[in-house]
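Participant: Coordinates for the following, if possible.
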Amino acid sequence: MIKALIIDDEPGVRKMLNLLLKQHCPDVRITGEPGCVAEAFEVIRQQNPDLVFLDIKMDDGTGFDLLKKFDRVDFHVIFVTAFDEYAVKAFRFSAIDYLLKPVEAEELVSAVEKVRSLQNTEMEQRISNLTRNMSDVPREDKKIVLHTQEKFHFIKVSEILYCESEGSYTSFYLQNGLKVLVSRSLKENEDLLAEYSFFRPHRSYLINLSYVTGYEKGEGGFIIMSNDARIPVSYRKKEEFLRIMEGG
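Facilitator: Presented below is the predicted three-dimensional model:
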């Protein structure tokens with residue numbers, strides 16, 4: 001049995017989540033439904049839940065404000081929110097589960113299933129990374145969570161040389177020579193990393209422009225990376241790449 005709390009300032013959302021959980025996740029037992037940050041903090045301390053369904057924006061603060069009140073986040077968190085592009089990207093960057101309102105039963109079941117397979121220490125690390133990334137740390141110090149079959153890797157964006165498509169998987173090549181394979185498509189990673197000076201010169205590659213050391217001319221040509229890797233450039237991306245590198 002999973003002991004859980006629903007923290008949301010909308011009664012309708014709390015009622016809907018309760019109903020969906022009873023129908024689709026009967027082993028999740030809701031033991032409280034605080035509607036604000038202040039109340040939620042006290043209820044969590046008293047009940048020590050396994051799982052918290054957490055709204056982002058409430059009348060007296062945010063879900064992030066609540067999490068910052070704890071020295072240790074020793075419970076699982078699934079955020080429940082209306083669409084917020086900035087927050088959703090932050091969740092994906094830190095491998096944090098979230099549900100968009102109105103919540104779909106299939107997505108709820110999937111999120112709860114993931115909770116069953118995780119250790120609390122893993123959640124604490126990811127929450128810590130999330131709050132860190134949402135603070136005023138320099139862009140080059142922000143970390144992305146790469147989830148492999150064996151472990152979670154917390155990697156600075158600035159340490160990624162390039163990514164290579166492996167079908168529905170992506171290989172990350174890092175500055176220290178490590179290669180990390182994750183079950184996420186190259187397109188998904190492109191969406192996450194585009195604002196960090198990453199460029200997709202070819203359908204199979206996504207590169208960190210900071211590590212480009214040269215370019216070999218050709219129909220499309222090849223980009224030379226700092227580790228001497230030769231990355232192909234598609235003909236249609238050649239002009240755009242050269243314009244970016246020339247500062248245009």
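Participant: got a list of what Arg72 touches?
Facilitator: Glu124 (CB atoms under 8 Å, 6 or more residues apart in numbering). For the C-beta atoms, the positions are set from N, CA and C on the backbone; glycine is no exception.
Participant: Tell me how far it lies from Gln125.
Facilitator: 11 Å (CB to CB, to the nearest Å).
Participant: mind checking which helix or strand the residue at minimal distance from the centre of the chain is in?
Facilitator: Closest residue to the average C-alpha location of the chain: Arg92 at 2.0 Å, with CA atoms, centre = their mean. Assigned by DSSP states H and E, Arg92 belongs to helix 85-93.
Participant: Which residues does that helix contact?
Facilitator: By CB under 8 Å, 6+ apart, helix 85-93 touches 56, 79, 81, 96-98, 100, 130, 133-134, 142, 144-145, 188, 192.
Participant: what angle do the helix or strand bottoming out on mean pLDDT in the chain and helix 85-93 make?
Facilitator: When each helix and strand of the chain is scored by mean pLDDT, DSSP states H and E, helix 120-133 comes last, with a mean of 81. If you take axes from the mean of the first three to the mean of the last three CA atoms, to 10 degrees, helix 120-133 sits at 140 degrees to helix 85-93.
Participant: quick one: the helices in this structure?
Facilitator: 11-24, 37-47, 63-68, 85-93, 105-116, 120-133, 186-193, 235-245 (DSSP state H).
Participant: circling back: can you give me the mean pLDDT across the helix holding Arg92?
Facilitator: Helix 85-93 carries an average pLDDT of 84.
Participant: Need the distance between the two termini of stretch 99-109.
Facilitator: Start and end residues of stretch 99-109 are separated by 10 Å (CA to CA, to the nearest Å).
Participant: returning to that earlier point: mind picking the two most distant members of the contacts of helix 85-93?
Facilitator: Leu100 and Lys142 (23.2 Å; CB to CB).
Participant: Those two: who's more crowded?
Facilitator: For Leu100 versus Lys142, neighbours defined as other CB atoms under 10 Å are more numerous around Lys142 (19 against 14).
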